[in-house]
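Student: Fold the stuff below for me.
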Amino acid sequence: MVPVQPRRHARPHAALGAGLSLLALLGAPGAALAQGAGAAQAGPAPVPPLAVPVAVPPAAAGETAKGQEPRAPEAKGAAGQADTKRAETKPPEPRATEVVPEPVPVQGKAQDAKAQSAKVQDTKASETRAQQAKPQEAAKKSREPAPLVYAKVSTDPNPTLTSRTFLDTLRAAERYAAFAEAGGWERLPEDLARLKPGERHPAIPALRHHLTLTGDLPADAPPNDRLDPPLVAAIAAFQARHGLPDSGVLGRLTINALNVPAAVRQRQLAASAARLMGSKFPFGERYVVVNIPSAAVEAVENGAVARRYVAVVGSPDKATPPVETRITDINFNPTWTVPASVVKNEIIPQMRRNPGYLAKNHIRILSPAGEVDPTRIDWAGEKAVNYTLRQDPGFDNSLGQVRIDMPNRFAVYMHDTPAKSLFAASVRFHSHGCVRVGQVKELVGWLLQGTDGPNGPGTSWGPIEIETGIADGERRDIKLAKPIPVTFVYLTGYATPDGKAHFRDDIYNLDTPAAEPAATGAIPPAAAADAGAAKPTPATTAPATPRPGAAHDAKPVPARAAGARPAPARPAPAKPAAARPGPEPRSLESVEPIR
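Tutor: This is a model prediction of the structure:
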């Protein structure tokens with residue numbers, strides 16, 4: 001066999017032979033190889049004095065393009081001849097699209113062609129896999145959880161509750177009673193909500209009068225019928241006092257709050273003061289306040305709000321009760337013992353429809369003899385109520401990753417939740433008595449100040465230590481070095497030390513006084529309620545006790561906008577919401593239901 005001569009550009013026939021060898025290496029068909037070999041043996045064919053460009057498959061070209069850009073094919077004509085002459089005098093540089101073969105025996109052409117063909121196929125396969133991976137990567141990114149969003153909370157450093165709140169609220173109630181006796185303020189038209197800054201409206205003087213009475217607009221502000229900057233600032237101050245976004249823009253909710261009569265506002269203040277009557281809460285340097293109508297948690301330190309967090313509190317049919325107690329422990333990765341009411345009303349119906357419900361929610365059935373197989377229980381009856389059902393720790397646990405223990409007769413507490421999307425809503429009355437805290441780990445860090453950290457005396461619980469303590473998945477109970485006072489209060493109207501009156505929606509309908517039965521039955525209950533509409537609610541008035549272990553998360557309950565309640569006194573509810581202790585649960589774990 002005669003070996004193929006090395007390629008030399010000075011000899012056109014050699015260049016042609018090299019081109020044929022290259023086609024063989026790149027996997028040319030067998031017939032073309034045979035024809036090329038025969039032509040080489042027969043002798044050189046007349047070829048124009050031009051360098052023959054080598055056709056490279058797209059996949060191979062893609063390989064060479066990694067290191068440098070591909071060069072365009074050489075132009076024909078005089079320019080091409082000049083390039084050929086320069087190539088004769090100077091050794092050519094390797095080209096990305098040109099392969100110079102080593103001298104190989106003719107019999108090895110087929111083997112090298114197969115190897116090169118396999119290489120090209122591998123390259124195409126890798127490119128195909130890369131193209132298929134792009135949509136998968138995009139889909140993976142789209143499945144990533146969205147960043148957590150929390151509703152905006154007030155930045156007012158004044159706490160909702162201090163040792164002075166009772167007296168300050170009484171004074172504010174007297175002031176609003178004077179407003180009501182003087183005729184209060186005019187009702188504003190709804191089309192005022194479409195007013196833009198700088199525009200005029202005939203109802204603007206009435207708006208100015210209202211905000212001047214409440215102290216939001218300075219008394220010396222120049223009177224006019226235009227929505228000027230001082231009036232916009234006064235609207236923002238009014239919104240902040242009512243728990244609305246303090247944008248200064250007149251919207252529907254703001255108009256509704258402005259149209260609440262002064263008599264209703266006076267009743268809110270008086271009723272809230274009455275609920276504080278007789279309180280023995282131990283105010284100290286550090287304490288925690290949860291105002292239920294505000295759905296917010298305040299960490300108070302040295303008389304000012306150190307931190308304020310959004311919260312989710314009880315729905316109207318599962319109200320969060322008023323509580324005065326102390327925070328004693330922090331639980332990482334808590335378990336949750338399902339109370340009998342949830343087993344009866346929720347678990348048993350679910351197991352009848354879906355036998356895998358307990359396994360999906362990581363709930364185990366326990367008896368004095370040990371764990372019980374769910375398939376051994378007759379779910380057609382109610383025998384499952386006699387067992388203990390407990391949800392294992394984990395991110396999907398109904399209590400989340402953290403629970404804040406605070407012993408009380410209602411067995412309610414604060415905790416984390418896997419349903420964090422609720423923290424972004426402006427209406428957050430969805431729980432079943434307990435208080436879910438947004439950014440609860442940050443609150444835990446504040447509570448654990450002064451408590452020895454995980455590495456012993458002299459160490460502390462910082463964000464890293466808290467995350468590390470939770471990451472192992474094991475339950476861990478940390479006792480606070482000094483218990484911190486905590487209270488859940490229901491204040492729809494209250495005054496801060498600066499004299500400002502704040503208002504929230506009466507979500508549990510506690511401000512309307514209950515009807516007093518007439519001694520002879522001659523006076524209708526509704527008339528009696530109207531006669532005493534301005535009287536403070538008795539101190540015993542409190543939200544209905546939440547049912548420990550109520551059903552799992554309810555659907556969001558639509559709430560009225562701030563001040564959406566009608567002005568006239570309404571007939572009293574059929575059942576007064578008097579405070580009453582709930583049934584003692586089996587443990588502190590048996591209050592909050594599963595999601």
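Student: alpha carbons only for contacts and neighbour counts from here, please
Tutor: Will do.
Student: Residue 345 - how many residues pack around it?
Tutor: Neighbourhood size, residue 345 [other C-alpha atoms under 10 Å]: 15.
Student: cool, residue 282 as well?
Tutor: Around residue 282 there are 15 other residues, counting by other C-alpha under 10 Å.
Student: isn't it right up against residue 485?
Tutor: Yes. Shown here, residue 282 and residue 485 form a contact pair, counting by C-alpha atoms under 8 Å, at 6.7 Å.
Student: got any ranges where the stretch 1-150 of the chain has weak pLDDT?
Tutor: Counting by pLDDT under 70, the stretch 1-150 of the chain shows low-confidence ranges at 1-146.
Student: Equivalent analysis for the stretch 151-300 of the chain, please.
Tutor: Judged by pLDDT under 70, no stretch of the stretch 151-300 of the chain qualifies at all.
Student: what about the strands in it?
Tutor: Listed in chain order, the strands of the stretch 151-300 of the chain (DSSP state E, counting those that start in this stretch) span 286-291, 296-301.
Student: Mind giving me the packing neighbours of the first one?
Tutor: Judged by 3 or more C-alpha pairs under 8 Å, 6 or more residues apart in numbering; DSSP states H and E, strand 286-291 is in contact with strand 296-301, strand 476-489.
Student: can I get these in CSV with distance to residue 182?
Tutor: Output for the helices and strands packed on strand 286-291, formatted as CSV (distance: least, C-alpha to C-alpha, whole Å):
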stretch, distance to residue 182
strand 296-301, 34
strand 476-489, 31
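Student: can those go into CSV with extra columns for mean neighbour count and distance to residue 444?
Tutor: What follows is the helices and strands packed on strand 286-291, written out as CSV (neighbours: other C-alpha atoms under 10 Å; distance: least, C-alpha to C-alpha, whole Å):
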stretch, mean neighbour count, distance to residue 444
strand 296-301, 22, 10
strand 476-489, 18, 10
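Student: Residue 173 is nearest to which of those strands?
Tutor: strand 476-489 (18.0 Å; C-alpha to C-alpha).
Student: That closest one versus strand 286-291: what angle between them?
Tutor: Interaxial angle of strand 476-489 relative to strand 286-291 (axes from the mean of the first three to the mean of the last three C-alpha atoms, to 10 degrees): 60 degrees.
Student: Quick check: next helix or strand after strand 476-489?
Tutor: Next helix or strand after strand 476-489 toward the C-terminus (DSSP states H and E): strand 493-495.
Student: Just name whatever secondary elements that next one is in contact with.
Tutor: Secondary elements touching strand 493-495 (3+ C-alpha pairs under 8 Å, 6+ apart): helix 165-181, helix 262-276, strand 501-503.
Student: I would like the residues contacting that strand, please.
Tutor: 160, 165, 168-169, 172, 265, 268-273, 501-504 (C-alpha atoms under 8 Å, 6 or more residues apart in numbering).
Student: between those residues, which is closest to residue 473?
Tutor: After measuring these against residue 473 - C-alpha to C-alpha - the closest member comes out as residue 160, at 36.2 Å.
Student: Counting neighbours, what do you get for the residue nearest to the closest one when sequence neighbours are not counted?
Tutor: With C-alpha to C-alpha, 6 or more residues apart in numbering as the criterion, residue 160 has its nearest non-adjacent residue at 6.7 Å, and that residue is residue 496. Using other C-alpha under 10 Å, the number of residues around residue 496 comes to 19.
Student: Quick one: residues contacting residue 496.
Tutor: 158, 159, 160, 161, 165, 168, 169, 502.
Student: and the nearest residue to the second one once chain neighbours are set aside, helix, strand or coil?
Tutor: Leaving aside its sequence neighbours, residue 159 sits nearest to residue 305 (C-alpha to C-alpha, 6+ apart; 5.6 Å). Three-state secondary structure (criterion: DSSP: H, G, I helix; E, B strand; the rest coil) places residue 305 in strand.
Student: Residue 305 touches residue 298, doesn't it?
Tutor: Yes. At 6.3 Å, residue 305 counts as touching residue 298 under the criterion of C-alpha under 8 Å.
Student: and for these two, which residues touch both?
Tutor: residue 159.
Student: and the closest residue to residue 439 other than its chain neighbours, what element?
Tutor: Spatial nearest neighbour of residue 439, chain neighbours left out: residue 309 (7.1 Å); criterion: C-alpha to C-alpha, 6+ apart. Under the criterion of DSSP H and E, residue 309 resides in strand 304-314.
Student: what's that strand packed up against?
Tutor: Partner elements for strand 304-314 (3+ C-alpha pairs under 8 Å, 6+ apart): strand 296-301, strand 429-431, strand 435-437.
Student: Residue 222: neighbouring residues, count only.
Tutor: With other C-alpha under 10 Å as criterion, residue 222 counts 10.
Student: how about it, phi and psi?
Tutor: With angles defined as degrees, to the nearest 10, residue 222 sits at phi -60, psi 130.
Student: one step back: looking at the contacts of residue 496, which has the most residues close by?
Tutor: residue 169 leads those on contacts (other C-alpha under 10 Å) with 30 neighbours.
Student: which residues touch it?
Tutor: Per C-alpha under 8 Å, 6+ apart, neighbours of residue 169: 269, 270, 272, 273, 493, 494, 495, 496, 501.
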